[in-house]
Structure formats: structure tokens, C-alpha cells
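K.L.:
Take a look and give me a structure for this.
(one chain, ligands or ions: 1)
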Amino acid sequence: MRIIDLRGTAFPSDLQSLLPRPKIDTTAATAIVTPLVEEVRERGAAALYDLAERFDGVRPHSLRVPPEALGQALLNLDPAVRRALEVAIENARIAHTAQLPEPAATEVIPGGIVYQRWVPLGRVGLYVPGGLAVYPSSVVMNVVTAQVAGVKSMVVASPPQSRFGGLPHPTVLAACAMLGVDEVIAVGGAQAIAAMAYGFTDGEYRCRAVDKVTGPGNVYVAAAKRVVQAVCGIDSEAGTTEIAVLADETAQPEFVCADLISQAEHDPAAASVLVTNSSTLVDQVQGILPSMVDACVEKERIATALAGPQSAVVLTETLEDALEVVESYAPEHLEIQTQNALELSERITTAGAVFIGDFSPVPLGDYVAGSNHVLPTGGTARYSAGLNVTQYLRSMQVVDYSRSALRQVAPALIALAEAEGLPAHGQAAQVRFQGEVLPSVLEEVEGSVSNVAVRLPFRPELSEVEPYGAPMIDVPVRLNVNENPFQPNPEVIDSIAEAVRSAATELNRYADRDAVDLRQELASYVHAEAGVQVAVDRVWAANGSNEIMIQLLQAFGGPGRRVLALWPTYSMYEEYARDTNTAWVLEGGPGANPRELPRFDSEVFIAAMRRERPAVVFVPSPNNPTGESISNQTLETILEVAKTTGPRVARTGQPTATIVVLDEAYAEFRAEGTASGLELLDDHPHLVVTRTLSKAFAAAGLRLGYMIASPEIVHEVQKVRLPYHLSLVTQAAARACLQHAGTQMEQIALIRAERDELASWLEEQGFVVAPSSSNFLLFGPLSKRHEVWRNLVESGVLIREVGPEGYLRVTVGTPTENEIFRQALKEAL
Ligand code: PMP
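P.N.:
Numbering: from 1, shown residues only. This next block holds a predicted model:
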């Protein structure tokens, strides 16, 4: 390679003139391709056949590649190439999806909105070169980007090959087939750009003109894009490839040489440029380059490219000068192999794409990095960008002003219209306010400055939301939120008081962040209650099972993820989803017959899991508001399916498991002798059982909930909990409660008996009553449930208006409370 030694040279104002440039640049090539483009525009398909013969040495049978040829190419594709293309496609799809811009709605002034919409182009033409090498990777770069943008119609053009009977290269065809592209034309070079820009008809086939052509090519392709710009858009002038390597003395000479060679391999006209301040590196490169070139398959092409006027080693005094050289050169690809390469890269503003450090060679970007390889060349990177999804989108602004908003800006509009000598413009505003005196623009501005209101950054998704919801009304009989109607026993109260007193002496300290002692006692309780032994690392506690569940979504939900439940269900689940930005999916809904109460339908639920791929599902058992409990057999079926219904791993596409949250808030009220879902924990690392002291323990005011799960899940949840989330007082009081679990549970039998009695009574009154394993009953249907609910409140009984239309939910109270409820209900009806 020749050396351009800029040491000791003061850089001229036109530094470009000192840098290596090809013999034929795009401007020179434009003169050559203009008549070709004209010929295609005038003679259409006939010209395309002739030009194929002239430039590609073959006359295709038809310009459109028959669909069978695409299918056949895919069948014949080497499995290793197919897998490699899949990797390239997957990575490109991930990186390009991240480029999709968000639409915006901006309220410029109150009532005056400007929307920014992004609309995919209707039809695009994608060029895939194929002269000296085969470029299935260019199919990926063009097609994936256009598909991610949402383009509906696309045609791919690639040169006909005499070796393949006038079809484009079979690997290019196979890549098209893999991506579902079925419109491919065997047309190459400048004529392909013209063919897509103007459209043509060949027998039955009509190739409609496209809105934009994109894709890489040689200098003639780039020149043709410049020519057709009058009739369609182009991405950038992505012509003969270039690499510039910016290196200092820390660069590895073998890496530098290999990378210069790799781009030279594309084309004898390719440009490989090394820019460095290290004469040692120059010597090293010159020393090893010839033998490395010699070892290449395409050594002649490479040697020609490296020896050409477009390639050189540029030696500068300092690294700063070297940086100025590459900025001025504006290369298609820029590699930075220096100390602090990342830091240096932040100062680069003109490259098509930048490759940082020793392990990001340009061929990585050519194929599998996920970035796009269709990049501006010939210095056009100063003002144009590499291919990306926005190039297949148009932004469209939509203006929506209300009457008052227009009135507010009308004075400014009218003043500008008059200043431009276009009073009819102003009249178009004035006519809408006939008979009103609009203030002058100066008055209006003064007024609006003093009226500027402070706007709070409200989240739109909270705008219609009311805070959680069970009405709190001070009445004698409160059967509305499924509390235990009995006060804690006197000895429990004493223990709690004692424990809290002792905790108070240490209140100057934070509590145990991990609440280990409390979790240990919860483990013992679970053993006693459900016969399931668990180690402390499988237990986690928080302020109510509410907090447990929101922590689970903080850890496993979030943007781009879904959480699923089956209707009807506990209303807080939706709020956890909203608050963690997890998409909420509620499957199912009311049926036609109001006397038929919904049952948990595992088939419907499983189908939804398969369809939605939720990260988390909530399965309350017993369910609130129905009281229905789900058998362990059904749970096992769900858990089996859940092993693979979670979100897919982004890179590999492998399915993860769905976390099944079995909400056993009311488990202690289940029929005696029934198993708890806790028994399924050992075989199912994706099962979480949540429980609470709020219900059976008569400690709703304490706010203590817990979960039993695999240690991995507990560990993950620990990452998102606030430090010291469980106060010292809560931990002390909860431990005192747990010491009396035995006596506390004695009331449960009484509550169950009361529940069954109340259920029978309600049925005798003609109500449908959901079979309940819980401490509440759902009954109905009532034609005017709200009226009945209000009448009850007036008689001093508060129950809950939830669940299917026409139904009410009553918490089982003390025997006396239940009797008052029965009397009140009779009257309320
Ligand atoms: N799950 C269900 C099904 C519930 O009904 C409730 C309370 N009503 C909870 C969880 C939350 O209970 P806590 O936060 O009090 O533990």
C-alpha cells in the first residue's frame, strides 16, 4: 500500500484532497449510468433483457424469478448456511426492532395537539448485489429492516447469473424464501435500480414502481440511485465498499491487516485505508501484509484493491491529527483500534458505522452483529446514514386544534399572514370567530405568559384510575373485605404487646432486612398447617401478600412482558400489572346465563397461557370473589404446561417457564383433609405459593404476607424489595402471632360452619351461591344489586359489590353479625 505521510504538513482547508480516492467516483459514474437508466425507463423489459446479456452475459428466461425456484433454492440450501442465516436474521431483527420510533402526541397548548405518526412506505425495491461475490447477507439487511418497519410490498432485485441459467445466485434466492419474500427479479446493476424506480411489464408480470430503492452495490449502482431520485427515494449512496482503520501503537498489526484485507476482498475497486500516528505500526503492517494477501483465495482482487489509488496508509504526527483525517474522510466503516477506543469513538460524527476495539472487526457487522451493513460510501456518510428502520418509514404530522386552542394562537397566525402579504391566510382563522374581537398578538402573548400553568407529568395510564376501591363506611357490621370477624385471643394480644415493647427498645436500628427469624417461623407454621417442610431460603415475607405479588412482578414482569389471570379474579392483580408496566391479560368473561356462575376452566386458561406466553400467571385458590378452590391435580396440569409457556429468550428463542403464582390467601378455610398447593413445590421450581396472616390469623391490620417458592425465585425477589421493607414492629408482632397459630386456628372451624349455614340459608332464599372454600360467599343474581347493597348499608351492614353483574359478596361474620345480615338482607330485598 502506498503511504501518504502527512507528518509536518499543515492541514489545508480541503483536507479531502490529500486523502485516497477512487479513480471513478459516483459523480463520474453518473454520466455513464444516466443513458442506461433512460433506456430502462423508455424500453422497460426489452431493455432489461438486452442489458442482462451485455453486463451479466446471460439472457434470463423471465425477469421475475418463478416462485418454484425460490422454494427449490431453500430446499437445496446447505444446512450450515441456513443456520448461519437464521442467526443473522435473528440478530438483525432484535437490533432493528429497537430502532422503531414511538408515535408522539404533543399538546402544544391546551387543546392544540400535534401528533407525530410513523407510517411504513407502501412498496420498496431492495437491491442485492451479486457481481463478484454472493450476498445473501444483503437480503437479510434489506428485508429484515423493511419488514420490521412494516412495509407490506417489496421486490428484491439481484443480477442474473449465467452459471445458474439466468437466475440470481441460489443462496440469495434461498435467503429470500427464508424471509417470505416471493417477488424477486433477475436484474442487476444500475438497470435494476431503474427497473424498480420506474416499474416495467414483462408478459404477465407487472413490476409496480416502488416508493424507495435501497441496498448496497458498486459505484454504478450508487450512481443510478442518484439519478432516479427524481421519482423515488433512496437510502444512501452505498457504493463500492471502504474501510478506514484508525490505529495507534497499541493496535495488533495482524488484526489491522486482516481487516484491511477483508474489505479489499469485495472488489478490486474497494478502498482500504489505515490512518495512524505510529510509524512502528506502519512498518509492521507493511512487513506482514504481502504474505497475508498471498495466503488469500482472492489474492489478485485484494492486491489490486490495496494497490489502487483509493487505498493507502495515512501517517500523521498525532492521534488528534489522525482523528481529523478520518472525520474528514467520512468512511463507510471505521474501525478504532487504539487505547480508549470507546472514548475516542464518542468524538466520531461522520462514519457510516463504527467498530470498536480488537474484537469488533467489520465482517462482524457485515453478517451477524445485528447492525446493518448497507452504509453510505464515498464520503456521503457526512450527511447520510446507514440503512435503518426509519428509512422505510415516513413521519406524518397530524394537527388537531380545538376552537379555544385555535383562538389562542389566531392572533399570531394573523400577524404572520399579514407580514407575508397573504391576508387570506389570516382570514381562514378569523372566519371561524365571526363577531368576536380577537386580541392583538402582543396582548395575547402577555396574557399567555402570565397564564402558563405548571403541568404535572401525569402518567396517561393513571388518568382514569381511582385509588383501590373497597368503600370504607363506618357501620356496625362490616362484612366487606374478607377479614376474620373475631378479635385476636387475649393471650395473642398480650404476646404481641410484649414483643412490640421489646422491639421498641431497638427502634433506633433498622430491622433485619431479610427477616430471617420470622421466615424461619413461617416455615414452621407451614409445616404444621400443610405438612410441608421447607427451608428458610424458600420463604419470603413482605407487607401483605399484596406486596409479595407486586415484588414478583417487579422481578419477573415489566415492559414487554405479560401477566395472565382468569375472570373473575382478585381486582388487585390488574393494579400490580399496571404499576410494574406489565401487560395485563384477563381471560374469559361473563356467560349468557346470569344463574350460571363461572368455574375455573383450566382448558381456557391453558390455551391463553400458550397464546400469550405470560411471564407470570395469578391463580387464586380459593378464588376471590367466588371462593372456588382448584384441585392439586388441575394445578399439576397447569404447572406442566407452564414449563414452556413463558417469554422466549431474546437471543436464542428458547421458551422460558411461566411463573405460576398460587394465591392461597384463604387456604386455611379449605375443607379439612384437602391438600394445599404447597405440596407441589418440590417438583415445580416455577411455582410460588403466596399466603397471608390477614385472614385466618385475624391480623389484617398487621400487613404480613409471605410466599413459599424455589430459592431462585426468592433470591430474585430480594433484588427488588426495598431495604428494611418489614419494620421491626411488624416482624416482632408477626412472630408473636405465629407462636399462637394453634389457638388462633380454633376459630376457623366455627367460621367454616357459619359459612355453610349462611350458604344454605341464601340458597333457601332462592339465590345462586358459589360453593366456597373460603370465608366469604358470592350470591345472586339480583336485578338491582347496587340498590340492595345500599339498603344493606342503611341497615348498618356493609358487604361488597364485586364479581359478575348482579352478584354480591359477603364475608362470613360472627354468628351475631351473620344473623343481623340475614335480617337486613330480607328487608333490603
Ligand atoms: N389475594 C387475595 C385473593 C385476596 O383476596 C387478598 C385480600 N383481599 C389478598 C391476596 C391480599 O391480602 P394481603 O395483602 O392482606 O395479604
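K.L.:
Spell out which residues of the protein are next to the ligand.
P.N.:
Proximity of the chain to the ligand (CB under 6 Å from any ligand atom) is limited to residues 482, 544-546, 570, 620, 624, 663, 665, 692, 694, 700, 705. Backbone N, C-alpha and C define where each C-beta goes, glycine included.
K.L.:
Surely Gly308 and Pro268 touch.
P.N.:
Yes. The criterion here is CB atoms under 8 Å, and Gly308 meets it with Pro268 at 7.0 Å.
K.L.:
Looking at the two, which has the bigger crowd around it?
P.N.:
Between Gly308 and Pro268, counting by other CB atoms under 10 Å, Gly308 is the more crowded of the two (21 against 18).
K.L.:
Which stretches in the stretch 401-550 of the chain count as strands?
P.N.:
Applying DSSP state E, counting those that start in this stretch to the stretch 401-550 of the chain gives strands spanning 477-478, 539-542.
K.L.:
can you give me the mean pLDDT across the longest one?
P.N.:
Read that as strand 539-542. Averaging pLDDT along strand 539-542 yields 98.
K.L.:
Give me the below-cutoff pLDDT ranges for the protein.
P.N.:
444-455, 469 (pLDDT under 70).
K.L.:
again, only this time at 80
P.N.:
Scanning the chain for pLDDT under 80 picks out 24, 131-132, 443-456, 460-461, 463-465, 468-471, 651-652.
K.L.:
For Tyr135, grab phi and psi.
P.N.:
With angles defined as degrees, to the nearest 10, Tyr135 sits at phi -130, psi 60.
K.L.:
And for it, the neighbour number?
P.N.:
Here the count is done by other CB under 10 Å, and Tyr135 has 26 residues near it.
K.L.:
doesn't Leu126 make contact with it?
P.N.:
No. Counting by CB under 8 Å, Tyr135 stays clear of Leu126, with 11.4 Å between them.
K.L.:
neighbours around the residue of the stretch 251-400 of the chain found nearest the ligand, how many?
P.N.:
Closest contact between the stretch 251-400 of the chain and the ligand, by CB to the nearest ligand atom, is at Gly370 (42.3 Å). The tally of other residues near Gly370 (other CB under 10 Å) stands at 20.
K.L.:
what does Ser727 give?
P.N.:
15.
K.L.:
Ok, Arg59 next?
P.N.:
13.
K.L.:
Same check on Ala642?
P.N.:
Residues lying near Ala642 (other CB under 10 Å) number 23.
K.L.:
hmm, who's touching stretch 636-654?
P.N.:
Applying CB atoms under 8 Å, 6 or more residues apart in numbering, the external contacts of stretch 636-654 come out as 90-91, 94, 560-562, 602, 605-606, 609-610, 613-615, 617, 619, 655-660, 680, 683-684, 686-687.
K.L.:
And the residues you listed, which of them are buried?
P.N.:
Applying 16 or more other CB atoms under 10 Å to the contacts of stretch 636-654, the neighbour count classes 90-91, 561-562, 602, 605-606, 609, 613-615, 617, 619, 656-660, 680, 684, 686-687 as buried.
K.L.:
Take the residues you listed and keep only those in strands.
P.N.:
Of the buried ones among the contacts of stretch 636-654, the ones assigned to strands by DSSP state E are Arg562, Val617, Val619, Ile659, Val660, Leu687.
K.L.:
Farthest-apart pair in the residues you listed, please.
P.N.:
Maximum pairwise distance among these (CB to CB): 18.5 Å, between Arg562 and Leu687.
K.L.:
Helix, strand, or coil at the residue in the stretch 101-250 of the chain that the ligand sits nearest to?
P.N.:
Proximity of the stretch 101-250 of the chain to the ligand (CB to the nearest ligand atom) peaks at Glu102, 34.8 Å away. Under DSSP: H, G, I helix; E, B strand; the rest coil, Glu102 falls in the coil class.
K.L.:
mind checking the backbone torsions on it?
P.N.:
phi -90, psi 140.
K.L.:
What segments of the stretch 51-200 of the chain are strands?
P.N.:
For the stretch 51-200 of the chain, strands defined by DSSP E, counting those that start in this stretch occupy the ranges 104-109, 112-120, 123-127, 153-158, 184-186, 200-202.
K.L.:
and the angle from the first one to strand 112-120?
P.N.:
What that stands for is strand 104-109. If you take axes from the mean of the first three to the mean of the last three CA atoms, to 10 degrees, strand 104-109 sits at 160 degrees to strand 112-120.
K.L.:
Which neighbours in the sheet does strand 104-109 have, and how are they oriented?
P.N.:
Paired strands of strand 104-109, with direction, are strand 112-120 (antiparallel) (DSSP bridges).
K.L.:
what residues does the strand it pairs with touch?
P.N.:
By CB under 8 Å, 6+ apart, strand 112-120 touches 100-101, 103-108, 149-152, 390, 392-402, 405-406, 408-409.
K.L.:
Just the closest residue of the chain to the ligand, please.
P.N.:
Gly544 (2.7 Å).
K.L.:
That residue: neighbour count?
P.N.:
Neighbour number of Gly544 under other CB under 10 Å is 21.
K.L.:
tell me the contacts of it?
P.N.:
Taking CB under 8 Å, 6+ apart, one finds Thr692, Ser694, Arg703, Leu704, Gly705 in contact with Gly544.
K.L.:
repeat that for 10 Å
P.N.:
550, 572, 665, 690, 692-694, 700, 702-706 (CB atoms under 10 Å, 6 or more residues apart in numbering).
K.L.:
One more: Val398?
P.N.:
Taking CB under 10 Å, 6+ apart as the contact definition, Val398 lies against Pro103, Ala105, Ile113, Val114, Tyr115, Gln116, Arg117.
K.L.:
Most neighbours of all these, which one?
P.N.:
Across the contacts of Val398, neighbour numbers were computed from other CB under 10 Å; Ile113 holds the maximum, 16 neighbours.
K.L.:
in the sheet, who's paired with that one?
P.N.:
Glu107, Asp400.
K.L.:
Could you measure from it over to Met396?
P.N.:
According to CB to CB, to the nearest Å, Ile113 and Met396 sit 14 Å apart.
K.L.:
give the contact list for the most centrally placed residue in the chain.
P.N.:
With distances taken as CA atoms, centre = their mean, Gly560 lies nearest the centre of the chain, 4.7 Å away. Contacts for Gly560 (CB under 10 Å, 6+ apart) come out as Asn581, Thr582, Ala583, Ala615, Pro647, Ala650.
K.L.:
try Ala749
P.N.:
When contacts are counted by CB under 10 Å, 6+ apart, Ala749 touches Glu672.
K.L.:
quick one: what helix or strand has it in it?
P.N.:
Assigned by DSSP states H and E, Ala749 belongs to helix 741-764.
K.L.:
for the helix or strand just after that helix, packing partners?
P.N.:
Downstream of helix 741-764, the next assigned helix or strand under DSSP H and E is strand 768-769. Judged by 3 or more CB pairs under 10 Å, 6 or more residues apart in numbering; DSSP states H and E, the packing partners of strand 768-769 are helix 741-764, strand 776-780.
K.L.:
most tightly surrounded among the ones you listed?
P.N.:
For these, the largest average neighbour count (mean count of other CB atoms under 10 Å) is found in strand 776-780, namely a mean of 26.
K.L.:
what lines up beside it in the sheet?
P.N.:
Applying DSSP bridges, strand 776-780 is found paired with strand 768-769 (antiparallel), strand 808-811 (antiparallel).
K.L.:
Check the offset of that strand from the chain's centre.
P.N.:
Here strand 776-780 is found 41 Å from its chain centre; the criterion is CA atoms, centre = their mean, to the nearest Å.
K.L.:
Check stretch 607-626 too.
P.N.:
22 Å.
K.L.:
Quick one: end-to-end distance for it.
P.N.:
Counting by CA to CA, to the nearest Å, you get 22 Å between the two ends of stretch 607-626.
K.L.:
hang on, the earlier thing: please indicate which of the contacts of Gly560 are buried?
P.N.:
Buried members of the contacts of Gly560, scored by 16+ other CB under 10 Å, are Thr582, Ala583, Ala615, Pro647.
K.L.:
can you put those residues in TSV and add secondary structure and distance to Leu274?
P.N.:
Shown next, in TSV, are the buried ones among the contacts of Gly560 (DSSP: H, G, I helix; E, B strand; the rest coil; distance: CB to CB, whole Å):
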residue	secondary structure	distance to Leu274
Thr582	coil	50
Ala583	strand	50
Ala615	coil	49
Pro647	coil	45
